[in-house]
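>>> Build me a structure from this.
(one chain, ligands or ions: 5)
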Amino acid sequence: MTADTPVPSDGPLVAELSEDALLARIFPLLPVGADTHVPPGDDAAVVAAPDGRFVVTTDVLVEDRHFRRAWSSGEDVGRRAAVQNLADVAAMGARPTSLVVSLVMPGDLPVSWVEGLARGLAAECGPLGVGVVGGDLSGGPVVVVAVTAHGDLAGRAPVLRSGARPGDLVAHAGVVGRSAAGLALLEAGRADLDRALVDAHLRPVAPLAAGPLAAAAGATAMLDVSDGLLRDAGRIARASGVRIDLDAAALAADRERLGVVAGELGGVAERWVLDGGEDHGLLATFPADSPLPVPFRVVGRVGEGSGVSVDGVPAPARSGWDHFAG
Ligand SMILES: Nc1ncnc2c1ncn2[C@@H]1O[C@H](COP(=O)(O)OP(=O)(O)O)[C@@H](O)[C@H]1O
Ligand SMILES: Cc1ncc(C[n+]2csc(CCOP(=O)(O)OP(=O)(O)O)c2C)c(N)n1
Ligand SMILES: [Mg+2]
Ligand SMILES: [Mg+2]
Ligand SMILES: [Mg+2]
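Ligands and ions are numbered 1, 2, ... in the order given. All right, here's what the predicted structure looks like:
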């Protein structure tokens, strides 16, 4: 059988399901461990340890899917691989402690690119005291960087996606839409127009310290925005059985900052803000009377019902990023 030969099957192909629909098929088939505290489905798993609980999460970066070597140096990819995973740890309210990193590489990849990747990982992890403590190497047709990150809950309960309650405030820390705008600049060959936005795409800065602060302040739900504000807000809404209403005015400054570039490229700043992924800001819900930790700002409200709306208008069904059907 060649790679092109279809495998006989009467079911759908992965390309016909959304990521969430695919996961809903996989989860019931997976074994539940004696120490499983939180089933799969959050930003990170919660694992038992003799002296408490820690979190573990994994995300891959695939060449030409998550980055292009023409646009990203090895160091850029190392930084992005670290931040994407550190953000998932932070989104549980945990402090990252260590990473293991697996690399798949074609043989013609320059060694200097791999050294750059290691430097990029070190640039993000070193200042946080996070070690890169192991990994794996293999050959393959494209570069794949698979990171597994661990984090310490410091004795606190993890902040899940499922705890939002009607009446809570919805708050965001970090930037929105900037990575998507930077990607649009690269795709249009206009990186010169706004280097800061391109950098926001190549080397996102996530508010990692805000995760544990949010947990300590009583956040009821949290995730990092990797697939777009609407799609990811929808994940909190679904897991919590609530409706999330975002406030367009609260996002006006983010939209306006992207307006010039959107005008030049014929893009829509609002779509970058609402659908753009990979900024890795933290979206969290807090009881209405809790003081929000810096740098969280209110961007909406939790209500009864389901789904996500903006100023009361329901979000389009297929908002944001999906690797498959969307
Ligand atoms: N192949 C898989 N097997 C088991 N769990 C998975 C798999 N892929 C994703 N998950 C779980 O599904 C949840 C959502 O994954 P994902 O959308 O990648 O989260 P995130 O956007 O926070 O990185 C996570 O809890 C993740 O661990
Ligand atoms: C070359 C290229 N094309 C498109 C994108 C846009 N993009 C790729 S993956 C993605 C979403 C985030 O990645 P994912 O693997 O879904 O991470 P997770 O949600 O699991 O953290 C986006 C917006 C990109 N980064 N690079
Ligand atoms: Mg996440
Ligand atoms: Mg993931
Ligand atoms: Mg992630």
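
>>> residues contacting the residue in the stretch 201-326 of the chain positioned nearest to ligand 1?
The stretch 201-326 of the chain approaches ligand 1 most closely through S226 (4.5 Å), counting by Cβ to the nearest ligand atom. Where you see a C-beta, it was placed from the backbone N, CA and C, and this is true even at glycine. Applying Cβ atoms under 8 Å, 6 or more residues apart in numbering to S226 gives the contacts Q84, A87, D232, G277, E278, H280, W321.

>>> Sort out for me which of those are in strands.
Residues of these located in strands (DSSP state E): none.

>>> most surrounded residue in the residues you listed?
Taking other Cβ atoms under 10 Å as the neighbour criterion, A87 ranks highest of the contacts of S226 with 29 neighbours.

>>> Surely that one and A206 touch.
Yes. Applying Cβ atoms under 8 Å, one finds A87 in contact with A206, separated by 4.3 Å.

>>> any idea which of the contacts of S226 is closest to L197?
Nearest to L197 among the contacts of S226 is E278, at 12.3 Å by Cβ to Cβ.

>>> Show me where the stretch 201-326 of the chain has its helices.
Taking DSSP state H, counting those that start in this stretch as the criterion, the stretch 201-326 of the chain contains helices spanning 210-216, 229-240, 252-265, 269-275.

>>> mind checking which of those helices is nearest ligand 3?
helix 229-240 (7.5 Å; Cβ to the ion).

>>> Can that closest one be said to contact ligand 5?
No. If you take Cβ under 5 Å from the ion as the test, helix 229-240 misses ligand 5, and the best it gets is 9.8 Å.

>>> For that helix, name the packing helices and strands.
When contacts are defined as 3 or more Cβ pairs under 8 Å, 6 or more residues apart in numbering; DSSP states H and E, helix 229-240 packs onto strand 221-224, strand 243-246, helix 269-275, strand 282-286, strand 307-310.

>>> Relative to ligand 2, which of those is closest?
It's strand 221-224; of the helices and strands packed on helix 229-240, that one is closest to ligand 2 (Cβ to the nearest ligand atom) at 7.1 Å.

>>> sec struct for G151, please.
Per DSSP: H, G, I helix; E, B strand; the rest coil, the local secondary structure of G151 is strand.

>>> gap between it and ligand 3?
Counting by Cβ to the ion, to the nearest Å, the separation of G151 from ligand 3 is 12 Å.

>>> just R80 next, same as before
14 Å.

>>> Could I get the contacting residues of that residue?
Contacts of R80 (Cβ under 8 Å, 6+ apart): L61, H66, F67, S72, G120, L202, R203, P204.

>>> which SS class is the residue nearest to the fifth one when sequence neighbours are not counted?
So that's G120. Counting by Cβ to Cβ, 6 or more residues apart in numbering, G78 is the residue found nearest to G120 once chain neighbours are left out, at 2.3 Å. Assigned with three-state DSSP, G78 falls in the helix class.

>>> Hmm, G126 and G78 touching each other?
No. In this structure, G78 is not within contact of G126 by Cβ under 8 Å, at 11.5 Å.

>>> Neighbour count for those two, which is higher?
G78 (30 against 13).

>>> Next one: that one, what pLDDT does it get?
With respect to pLDDT, G78 scores 98.

>>> Return the residues in contact with L169.
T285, F286, P287, A288, L292, V298, G300, R301, V302.

>>> By neighbours, which of the residues you listed wins?
Busiest of the contacts of L169 [other Cβ under 10 Å] is T285, holding 29 neighbours.

>>> about what we covered before: mark which of the contacts of R80 are part of strands, please.
Per DSSP E, the contacts of R80 map to strands at L61.

>>> anything in contact with each of A87 and A206?
Shared contacts of A87 and A206, defined by Cβ under 8 Å, 6+ apart, are found at D224, H280, L282.

>>> Take those and lay them out in JSON lines including distance to ligand 1 and pLDDT.
Shown next, in JSON lines, are these (distance: Cβ to the nearest ligand atom, whole Å; pLDDT from 0 to 100):
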{"residue": "D224", "distance to ligand 1": "6", "pLDDT": "98"}
{"residue": "H280", "distance to ligand 1": "10", "pLDDT": "98"}
{"residue": "L282", "distance to ligand 1": "11", "pLDDT": "99"}
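
>>> picking that back up, what's near enough to touch the residue nearest to G120?
The neighbourhood of G78, defined by Cβ under 8 Å, 6+ apart, consists of G116, L117, A118, R119, G120, L121, A122, A123, E124, V145.
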